[in-house]
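Peer 1: predicted structure and sequence below. I'll ask about it afterward.
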Amino acid sequence: MQQRLDQYTTLRLGGPARDLIEVHNAAETIAAVKTPGRLLLLAGGSNVVIGDAGFDGTVVLLRSRGLSMSGGELTVEAGHPWDEVVEWAVASGYSGVEALSGIPGSAGATPIQNVGAYGQEIAERVVSVELFDRQTGQTEVWGPERCGFSYRNSVFKNNERFVLLRVTLRLEESAVSAPIRYAELARALGVEAGERVPLEAVRPAVLKLRAGKGMVLDPADPDTYSAGSFFTNPIVHSAPEGSPHWPHDGGMVKVSAAWLIENAGFPKGYRKGGVGISTKHTLALTNRGEGTAAELLALAEEIEAGVRARFGIDLHPEPVLV
């Protein structure tokens with residue numbers, strides 16, 4: 001009997017898989033992904049939208065675990081839950097990823113998405129990734145320069161050729177945090193942007209901020225049945241008047257997608273059938289418990305069209321669409 005994939009995603013959406021394999025280490029992962037044909041790796045299932053028809057291929061459930069520190073470099077198995085990595089780093093006195101607390105999913109997914117939040121981005125910390133190339137059948141170690149990191153993107157995203165096995169990060173042994181870059185987090189900590197604070201103060205502050213936006217998984221809260229931020233902040237030549245925006249490379253500016261959505265007529269709590277915008281955070285599209293992937297994608301398209309009509313700006317989905 002085919003297993004439905006909704007139980008493996010934070011959106012609680014997704015039809016059946018043709019084949020499903022669970023793996024627990026790199027060797028098992030490599031053996032599983034050598035299967036020819038379509039491949040989908042799932043670990044935390046937090047940054048993916050799987051269609052109601054499911055996946056006509058092999059789904060590999062990545063359950064590898066383990067981390068080791070040597071000379072300031074932390075190597076983590078791809079299936080290790082990411083928030084456990086951050087919790088360990090902070091408890092052990094290593095700074096550099098503390099602002100990435102509370103992000104669901106696995107360590108191996110962080111380079112794929114180039115995860116970032118509250119002023120930190122994983123690309124800044126990657127020393128290397130160990131991967132399996134399904135095309136050549138070889139295991140390789142890549143430095144960050146080969147990963148093609150950009151805003152919420154890398155060469156690994158939407159690419160079935162490469163399977164990440166481990167990631168190595170450079171952290172700093174320090175009793176204080178990295179400089180607090182994000183204004184909202186700085187305010188929560190009672191400091192100015194650019195200041196440092198005791199390392200152990202950052203994680204609870206970030207978790208509180210994320211929980212207030214429905215961005216920390218809670219089985220009792222449908223606002224957390226989401227894929228996190230559904231749209232990336234668009235990068236444009238000029239920002240609409242009154243919009244929050246930040247300088248970007250090449251004279252461009254990054255505009256708040258949440259502001260664009262709200263000001264295009266889509267407030268928090270906006271509902272369409274069994275899905276809707278989170279009641280806590282405009283960027284999160286949520287399954288209210290009885291939704292479908294088709295409804296969710298229709299809502300996303302409605303929002304995209306509304307923002308385009310109002311501001312002439314295109315929004316782009318952040319999750320992987322399967």
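Peer 2: That came in fine, so what should we check first? Just so you know, these numbers come straight off a predicted model, no measurement behind them.
Peer 1: list the buried ones in stretch 4-24?
Peer 2: 4-6, 8-17, 19-21, 23 (16 or more other Cβ atoms under 10 Å). (Glycine included, C-beta is placed from N, CA and C.)
Peer 1: low-confidence ranges in this structure?
Peer 2: Along the chain, segments meeting pLDDT under 70 span 1.
Peer 1: can you list the domain ranges for it.
Peer 2: 6-62, 67-173, 222-307+317-321 (automatic domain parsing).
Peer 1: first-to-last residue distance for the longest one?
Peer 2: End-to-end span of domain 67-173 (Cα to Cα, to the nearest Å): 16 Å.
Peer 1: cool, and the last one?
Peer 2: Using Cα to Cα, one end of domain 222-307+317-321 lies 21 Å from the other.
Peer 1: next one: that domain to chain centre, how far?
Peer 2: 15 Å (Cα atoms, centre = their mean, to the nearest Å).
Peer 1: then stretch 17-25?
Peer 2: Taking mean C-alpha positions (Cα atoms, centre = their mean), stretch 17-25 and its chain are 22 Å apart.
Peer 1: and the buried residues of stretch 4-24, which of them are in strands?
Peer 2: The members of the buried residues of stretch 4-24 that map onto strands under DSSP state E are 17, 19-21, 23.
Peer 1: which parts of the stretch 151-300 of the chain are helices?
Peer 2: 183-189, 199-212, 257-263, 293-311 (DSSP state H, counting those that start in this stretch).
Peer 1: and the second one, what other elements does it pack with?
Peer 2: The reference is to helix 199-212. Applying 3 or more Cβ pairs under 8 Å, 6 or more residues apart in numbering; DSSP states H and E, one finds that helix 199-212 contacts helix 82-91, helix 183-189.
Peer 1: mind checking which of those helices is nearest Gly291?
Peer 2: Nearest of the helices and strands packed on helix 199-212 to Gly291, taken as Cβ to Cβ: helix 82-91 at 25.3 Å.
Peer 1: residues contacting the closest one, please?
Peer 2: Helix 82-91 has contacts (Cβ atoms under 8 Å, 6 or more residues apart in numbering) with 44, 67, 74, 76, 95-98, 100-107, 109-110, 115, 171, 199-200, 202-203.
Peer 1: buried residues, that helix. List them.
Peer 2: Per 16+ other Cβ under 10 Å, helix 82-91 contains these buried residues: 82-83, 85-90.
Peer 1: how about stretch 259-275?
Peer 2: 259-264, 266, 268, 270, 272, 275.
Peer 1: please apply the same query to stretch 23-31.
Peer 2: So stretch 23-31, judged by 16+ other Cβ under 10 Å, has buried residues 23, 26, 28-30.
Peer 1: contacting residues around that stretch?
Peer 2: Here stretch 23-31 has contacts from 32, 60-65, 77-79, 130, 132, 139, 163, 165-166, using Cβ under 8 Å, 6+ apart.
Peer 1: also stretch 63-72?
Peer 2: 22-26, 28-29, 43, 74-80, 85, 88, 92, 94, 107, 165, 170-173.
Peer 1: how far does that stretch sit from the chain's center?
Peer 2: 20 Å.
Peer 1: how about the closest residue to Gly265 other than its chain neighbours, what does it touch?
Peer 2: Nearest residue to Gly265 in three dimensions, chain neighbours excluded: Gly306, at 5.9 Å (Cβ to Cβ, 6 or more residues apart in numbering). By Cβ under 8 Å, 6+ apart, Gly306 lies in contact with 261, 264-266.
Peer 1: can you list the residues you listed in CSV and add distance to Phe156?
Peer 2: Formatted as CSV, the contacts of Gly306 follow (distance: Cβ to Cβ, whole Å):
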residue, distance to Phe156
Ile261, 28
Ala264, 32
Gly265, 36
Phe266, 31
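Peer 1: so which of those residues is the closest to His245?
Peer 2: Ile261 (14.5 Å).
Peer 1: ok, and the closest non-adjacent residue to the closest one?
Peer 2: Thr282 (4.9 Å).
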